[in-house]
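Trainee: how would this look folded up:
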Amino acid sequence: MKATVKVSQTKLSRRQFLRGAATSTTAFMVLPGAVLGLRGGTLPNEKLNLAGIGIGGRGSDDLREVERENIVALCDVDKRHAAHVFRRYPRARRFTDYRKMLDEMPELDGVVIATPDHHHAFASMAAIKHGKHVYCEKPLTHSVWESRQVAVAAREAKVATQMGNQGQASEETRRLCEMVWAGVIGKVHEVHIWTDRPSNGLFNVYWPQGVDRPKGTPPVPETLDWDLWLGPAPERPYNPAYLPFVWRGWWDFGTGALGDIGCHAMDPAFRALKLHAPLTVQAASSRVNKETYPVASMVTYQYGARSAEPQANDTFIRGLSGAAAGGIEMPPCRFTWYDGGLRPPRPEGLPDGEMMGDNGRLLVGDKGFILGDKVFPESCAKDAAEVGRTIARSPGHHAEWILACKGGKKPGSNFDWAGPLAEAVLLGNIALRVQLRQDLTLCKLHWDSENLRFSNLDEANRFVRNPYREGWSL
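Mentor: Numbering: from 1, shown residues only. Predicted structure coming up:
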């Protein structure tokens, strides 16, 4: 017997269908367009029209991950840096200003953003206001305030979103959560994350930090729109010290080692320990100035006790109960970040010969610890081997976003998750501001997440939100 399908007479535009479908948390069905009453709407087995914004560097790799869809537009302010991508997609329309692109191409379904950090919020918000799905590289934004605004706007617009921290889709992240929730190392009260960025040696610098503004004013290359590259950032003369890639170390453009690596390295622990907003943040660093982030820093966050029950932003564990976390209530936790080659002391009980590495993650519980993906001591490791796989595995980080654009469930790093993670990362950068150094030798910063402000040092609140150059606003 054939099922009878009632077809609504309401005509939906392609974009209305996609925006509505992005909020679904159930698996989609592949159905003919006529059944859904669509006229030109993209179905799960059809292709999206996508655009790349900031395509010369990481954006090139992101586009390769989604190029089974239709790459119909490309936007970059540096024609020379982006030339190889323009050649790869010769049929795509070319733009310099993403605002103009979004105004002129209503047929776009989504955008992939990999601009310098100071443009993340502006490109994302512009796309959201046009009803487009958004994939944006990490960190989600350049300031704490921007992260909150972008996350709220995406939620209200009901668009599919994903931040570019690929590790969230990995097997390792899921296994860490499963082991912690099973109580393999007991209650976790301490986390350490470290990286060698911005340098892993005297002659190997990923990007410079701890340097002053260059004094030279060479001419702007003919292939670069310097005014658009600056965008909302304060006016300054062009210099090759700022781009490409090396913008990461400058306060006005990037977010330093913490912003660049933090959203990758901190994400698994945030998920496993159900972290959200810290109570306090404090930092120590090498010499810092008003132009660039320090060469090395240590940032310590304090988190209060949390429930083991899944929270609204636990995107890949929907449906699990507190029992899936071993019934363990999460105790207060100290979370410490190190960069510039700094790292924590070797944990008690780590066997001789086991490497801490230049980049790493350490979770310390009351029964044992997890270093990277290794569990110590041996008794805890044996328990870990018995832990089942209770979390659904990912089809792939970029694939999650594409599927969400076509009606699938929310991606693992959608902006409701990515926003609070980025906020925490960027709070650490505020604690590194040279303008606050004297005050911060006397106190920790106490964070009031609900009101988006520090409750004990008003001077720090001016760094929660950046001022913008004339002509730029969210």
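Trainee: separation between the nearest residue to residue 209 once chain neighbours are set aside and residue 406?
Mentor: Distances taken as CB to CB, 6 or more residues apart in numbering place residue 249 nearest to residue 209, at 4.0 Å, with adjacent residues excluded. The way it works is simple: take the backbone N, C-alpha and C, and place the C-beta from them, glycine included. Relative to residue 406, residue 249 is positioned 38 Å away (CB to CB, to the nearest Å).
Trainee: which of the two has more neighbours?
Mentor: Between residue 249 and residue 406, counting by other CB atoms under 10 Å, residue 249 is the more crowded of the two (28 against 25).
Trainee: was I right to think that one contacts residue 294?
Mentor: No: assessed by CB atoms under 8 Å, residue 249 is found out of contact with residue 294, at 9.6 Å.
Trainee: who touches both of those two?
Mentor: Common contact partners of residue 249 and residue 294 (CB atoms under 8 Å, 6 or more residues apart in numbering): 209, 256.
Trainee: pLDDT-wise, which helix or strand of this structure ranks last?
Mentor: helix 33-36 (a mean of 31; mean pLDDT, DSSP states H and E).
Trainee: contact partners of the host helix or strand of residue 135?
Mentor: Using DSSP states H and E, residue 135 falls within strand 133-137. If you take CB under 8 Å, 6+ apart as the criterion, strand 133-137 is touched by 18, 22, 48, 58-59, 62, 66, 109-115, 120, 123-124, 127-128, 154, 159-164, 398, 401, 404-405, 415.
Trainee: give me the subset of these lying in strands.
Mentor: 110-113, 161-164 (DSSP state E).
Trainee: switch those over to a markdown table; also include distance to residue 199.
Mentor: Putting the ones in strands among the contacts of strand 133-137 into a markdown table (distance: CB to CB, whole Å) gives the following:
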| residue | distance to residue 199 |
| --- | --- |
| 110 | 36 |
| 111 | 33 |
| 112 | 29 |
| 113 | 27 |
| 161 | 33 |
| 162 | 30 |
| 163 | 25 |
| 164 | 23 |
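Trainee: so residue 189: helix, strand or coil?
Mentor: Look at residue 189: counting by DSSP: H, G, I helix; E, B strand; the rest coil, its state is strand.
Trainee: now it: how far from residue 331?
Mentor: Distance, residue 189 to residue 331, using CB to CB: 5 Å.
Trainee: contact partners for residue 433?
Mentor: Shown in contact with residue 433 (CB under 8 Å, 6+ apart): 288, 460, 463.
Trainee: okay, now the unreliable bits of the stretch 201-350 of the chain?
Mentor: Where the stretch 201-350 of the chain drops to pLDDT under 70, the residues are 201-204, 308-328.
Trainee: tell me which stretches of it form strands.
Mentor: 280-285, 297-303, 333-339 (DSSP state E, counting those that start in this stretch).
Trainee: any chance of those strands in a markdown table with mean neighbour count and distance to residue 386 as columns?
Mentor: Listed next are those as a markdown table, based on neighbours: other CB atoms under 10 Å; distance: least, CB to CB, whole Å:
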| stretch | mean neighbour count | distance to residue 386 |
| --- | --- | --- |
| strand 280-285 | 20 | 37 |
| strand 297-303 | 22 | 29 |
| strand 333-339 | 22 | 25 |
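Trainee: same list, these, but as a markdown table with distance to residue 359 please.
Mentor: Output for those, formatted as a markdown table (distance: least, CB to CB, whole Å):
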| stretch | distance to residue 359 |
| --- | --- |
| strand 280-285 | 18 |
| strand 297-303 | 15 |
| strand 333-339 | 10 |
